[in-house]
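Visitor: Fold the stuff below for me.
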Amino acid sequence: MTQALQSPGDDPVFPDDAIEVGRVLGAWGIKGGIRVQPFSKDPEALFTARLWFIRPPESPLAVKLGTTTFPPLLRITHSKLHGDSVVATAQELPDRNAAEAMQGARIFVARASFPRVGDGEYYWIDLIGLAVVNRKGEDLGTVIDLLDTGAHSVLRMRRPDAAEGASVEASERLIPFVAAFIDDVSLAERRITVDWGLDY
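Guide: Next comes the predicted model:
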């Protein structure tokens, strides 16, 4: 990650490797806490990162009239899982009014602050955009998403020969992300090798 030189006291700049990890649902409690909808089933990045970078909602309609400008950064003092959401407090949110004004804000953290994963484990964000080839070197497509079936994840790919405007069935290929079919994942080479045929 590259970062511009800063003077003492300056806020950290928005990181080059920022990943959107959640959005603020609203205030929590009476002391300036916020409730966050994480975008991952395992929101560990929200717990390990102490700096949350903030961007406004993508749609202007999502911003309430009269809402003040969002702070560019939250310095997190406490965060924990609360049901299906994450609740957190930050230095920049002294009271409930400040927390309520954060509703709809998008939360980003630096990819470099994500916790390390074990061998054979990957963050979904690192798999998006990887080329998928089979053992014969045939191009099966590019990963555009992953699906969580509960039992395991499934690679969702766009076929290399898919026509513009083609139906989902004609343009996509699904491969279970399990050891039986995944031979190798090379993040450095941006490639996944699989035991899978073109006609599957």
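
Visitor: use CA for all of it now, contacts and neighbours both
Guide: OK.

Visitor: host element of the most centrally placed residue in the chain?
Guide: Nearest to the mean C-alpha position of the chain, by C-alpha atoms, centre = their mean, lies Val21 at 4.3 Å. Per DSSP states H and E, Val21 falls inside strand 18-28.

Visitor: try Leu46
Guide: Using DSSP H and E, Leu46 maps to helix 44-48.

Visitor: worst-scoring helix or strand of this structure, pLDDT-wise?
Guide: Lowest by mean pLDDT, DSSP states H and E among the helices and strands of the chain is helix 168-171, with a mean of 82.

Visitor: Show me what it is packed up against.
Guide: For helix 168-171, there is no helix or strand it packs on, judged by 3 or more C-alpha pairs under 8 Å, 6 or more residues apart in numbering; DSSP states H and E.

Visitor: what's the offset of the helix or strand that comes right after that helix from the middle of its chain?
Guide: Once the chain leaves helix 168-171, the next helix or strand it forms, by DSSP H and E, is strand 172-176. Mean-position distance between strand 172-176 and its chain equals 21 Å (C-alpha atoms, centre = their mean, to the nearest Å).

Visitor: what does stretch 25-34 give?
Guide: Distance, centroid of stretch 25-34 to centroid of chain: 23 Å (C-alpha atoms, centre = their mean).

Visitor: start to end distance for that stretch?
Guide: 7 Å (C-alpha to C-alpha, to the nearest Å).

Visitor: thinking again about what came up before, average pLDDT for the strand holding Val21?
Guide: For strand 18-28, the mean pLDDT works out to 95.

Visitor: Run through who's touching that strand.
Guide: 33-40, 43, 45-46, 87, 96, 99-111 (C-alpha atoms under 8 Å, 6 or more residues apart in numbering).

Visitor: One more pass at 7 Å, please.
Guide: 33-39, 96, 99-100, 102-111 (C-alpha atoms under 7 Å, 6 or more residues apart in numbering).

Visitor: buried sites along the helix holding Leu46?
Guide: Ala45, Leu46, Phe47 (16 or more other C-alpha atoms under 10 Å).

Visitor: Tell me which residues touch the first one, please.
Guide: With contacts taken as C-alpha under 7 Å, 6+ apart, Ala45 has the following neighbours: Phe114, Pro115.

Visitor: Same check on the last one?
Guide: Each residue near Phe47 by C-alpha under 7 Å, 6+ apart is listed here: Ser79.

Visitor: Renumber starting at 444 from here on
Guide: Got it, first residue is 444 now, which makes that one Phe490.

Visitor: for the protein, what spans make up the strands?
Guide: Per DSSP state E, the chain carries strands over the ranges 461-471, 476-481, 494-498, 516-525, 528-533, 549-553, 574-577, 582-591, 596-601, 615-619, 625-629, 634-637.
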